[in-house]
Every structure is written in C-alpha cells, then in structure tokens.
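>>> Provided below for reference: sequence and predicted model.
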Amino acid sequence: MLTDSHAHLNDERLMPQAAEIVARLGEYGVGRVVCASYDAKSSVDAAALADKYREVFATVAFHPHESKSYTDGDAKLFCRLAKNKKVLAIGETGLDYYYDLSERSVQRRVFAEHIELADALGLPVVVHIRDAYEDAIAILTANRAKLNNGVLIHNFSGSVETMRALDELGCYYSFGGTITFKNNKKGAEALLAADKSKILLETDCPYLTPEPHRGKLNFPYYVKHVAERCAEILDIDFDALCALTEKNVESLFKRLNGGAGAANG
C-alpha cells in the first residue's frame, strides 16, 4: 500500500472528480490520500472530503500565498476542524519568496503562528518552502520548542546541505513528481542523502505531474510512479520502498494510528 502524503483533492479541478479518483486508488496500490489545504475554504473542503471517503485524510492551513488573508477567526476554524481525528496536521504553511503573493513579513508571521497552533493542537506541521530556505530554517529554529509533533518539508527541493540543517530539527521530507524528471539530479542526491526513516511520497496533485504523464493533470494515484522512481534511485525493492514509506507516514501522522493530537479550542 502507498500513501499520497500531499495532494489537493480540494482543488477545483479535482474535487468534482473525487468519487472517481478515490475509486481508482486501488488500481495503483494507493490506500490513503492526505488532502492538503491552502486557505479557509480549502480546509473546510478537505475536512469534508475526509469525512466522506475512508481513504482520504486532511490537513488545514493557509499557504504562504494566502497569508495576507489569515485572521484569528481562521485559527479558531482550524481548532474546530482539528477536532475531527481525520485532520492530521497543520499545513501547508511556510514561505514562498518566488511569487511573493503575500508580503514576506506577513508570510513569516503567519508561518510562526501556524507552528504555534500546531503545537497547541498536538499536530505536525506541513511546510512549503520555495526560494526561502534560510528564513524558513530560522523560523523553525526559533520555534524549536514548539516542534513537538513533527515537521514535514513537502516536495523537498533544497540541497543536501540544507537538508542537514533541517535534520537538526527532526524534519521529514516528501518527494513528489519532480523526482521522476530525468534532469533532476539535485532531487536524486537529496533522496540518497535523506535518513530513510524520514522519507515520504507525494504528488502535490493537480500540480507537478510525474513521468510518464508529465504535462497532463496530476492525480493521487500517480504517487505509484514517484514510488517506482524512488525505489530505483535508492536501489531497493519496490515493495520494500512501500513498506518503508508507510511506516514513516504513520510515524509522522500519529492520528493514523489513533495517536495523540488534542484539539484545544
């Protein structure tokens, strides 16, 4: 079995197809999908999808692009949603200096507030970082005492040196469709350098479609292609790769095993 640890079934292109998508998961050996959110509406939608489908779980948060719209009312919403044990984490949050759709100072403040919220709720944090690793690591380090429930750097795109700095914070790393791109030597190097107990798989669908479907819409079941490429890079058996990453998913997202995660609020 495989888990797509970061998908956007709540995206307007995929949500109308959710029933069909979930029905096809078994064809690809995918047993679970974690639906990541990026604002208030997508968080409500993710939680609703998790309620509707046994295979779907959710995370709730504001993406850095949407940080400018985040309010205290949204934090209260997330506290309510997190009472649902199928809400596994706060995410995706973080920093994106590539597009700068929210002011950088606002991104940094909201990121720190999301970390604090995750700690209060007893949940992991799912982090998006683009062209902002230095500041993201600084914020994570400054809030180290609040990183008590795990940190996932989704779609890790940094260097091995950056990974080593994040290792000090106990981070997990998910690898997605870009790992299948033939020219992505940096990604392969990072995967090889990663602590094998910290590796997860994702699609980030409908974005970053892996080979052999690159250029088309991405779906959660394409995480199988990511798994195949990761097994090839790591030179391990495909079934062993699946077992390894499933163990890691359950280590990070403890609610999958009925673990802790108090919903205070």
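Everything's here; your move. Residues are numbered from 1 along each chain as shown.

>>> where exactly do the strands run in this structure?
Secondary structure of the chain (DSSP state E): strands at 2-7, 30-35, 56-60, 87-96, 125-130, 151-153, 172-175, 199-201.

>>> Return the mean pLDDT over the fourth one, rounded to an integer.
For strand 87-96, mean pLDDT rounds to 98.

>>> and what of stretch 66-83?
Average pLDDT, stretch 66-83: 98.

>>> Going by neighbour count, list what's buried in it.
66-67, 70, 74-75, 77-79, 81-82 (16 or more other C-beta atoms under 10 Å). (Each C-beta comes from the backbone N, C-alpha and C, glycine too.)

>>> So what would you say the end-to-end distance of that stretch is?
23 Å (C-alpha to C-alpha, to the nearest Å).

>>> can you check stretch 166-178 too?
Using C-alpha to C-alpha, one end of stretch 166-178 lies 20 Å from the other.

>>> buried sites along it?
For stretch 166-178, by 16+ other C-beta under 10 Å, it's 166, 171-178.

>>> Also stretch 141-152?
Under the neighbour-count criterion of 16+ other C-beta under 10 Å, stretch 141-152 has 143, 146-147, 149-152 buried.

>>> thinking again about what came up before, right, so of the strands of the chain, which gets closest to Leu217?
Smallest distance to Leu217 across the strands of the chain (C-beta to C-beta): 12.2 Å, for strand 2-7.

>>> and the angle from that closest one to strand 56-60?
Counting by axes from the mean of the first three to the mean of the last three C-alpha atoms, to 10 degrees, strand 2-7 lies at 30 degrees to strand 56-60.

>>> tell me what strand 2-7 is packed against?
Helices and strands touching strand 2-7, by 3 or more C-beta pairs under 8 Å, 6 or more residues apart in numbering; DSSP states H and E, are strand 30-35, strand 199-201, helix 223-234, helix 238-252.
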